[in-house]
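Asks: Below is the sequence, then the predicted model.
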Amino acid sequence: MPRAKSKVESVLKKKGFQESEGDHHYFIYFTQDGKKTRAITKTSHTRKMKDIPDSLLGQMAKQCYLPKQQFLDLIDCSLTQEDYEKILYSQEKL
């Protein structure tokens, strides 16, 4: 199910991702201790895209080292930042 681009970007920032500008809006995950991780995803600059389609949400999930459902849980706020860090730590992505 698609998600609003503005909501996805807002939640990513609230969950520890820092935005960086380039040819896209890049979101780089920093741990609560301020350590930069390899979890990086992006969204488009285009204003025409109001919703992020399911297929792109799946790609974003992979870039964040999560199965799609867990990424949606992160966006829908049932997966906390602490839980996300535990997942990254267990996968040795930190």
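Replies: Perfect, I can see it now. Because the structure is predicted, anything quoted here is derived from the model rather than measured. Residues are numbered from 1 along each chain as shown.
Asks: Show me the helices in the chain, by range?
Replies: 5-14, 54-63, 68-75, 81-90 (DSSP state H).
Asks: Using CSV, lay out the ones you listed together with mean neighbour count and mean pLDDT.
Replies: From N, CA and C alone the C-beta is placed, and that goes for glycine too. Output for those, formatted as CSV (neighbours: other Cβ atoms under 10 Å; pLDDT from 0 to 100):
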stretch, mean neighbour count, mean pLDDT
helix 5-14, 16, 96
helix 54-63, 16, 97
helix 68-75, 18, 97
helix 81-90, 15, 96
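Asks: residue nearest the centroid of this protein?
Replies: What sits nearest the mean C-alpha location of the chain, by Cα atoms, centre = their mean, is residue 12, with 5.1 Å.
Asks: For residue 75, see how far away that one is.
Replies: 8 Å (Cβ to Cβ, to the nearest Å).
Asks: go on, residue 59?
Replies: Residue 59 is 14 Å from residue 75, by Cβ to Cβ.
Asks: again with residue 32
Replies: As judged by Cβ to Cβ, residue 32 and residue 75 stand 19 Å apart.
Asks: and if you look at residue 39?
Replies: For residue 39, the distance to residue 75 (Cβ to Cβ) stands at 14 Å.
Asks: Longest strand of the protein, counting residues only.
Replies: For the chain, the longest strand by residue count, based on DSSP state E, is strand 36-43.
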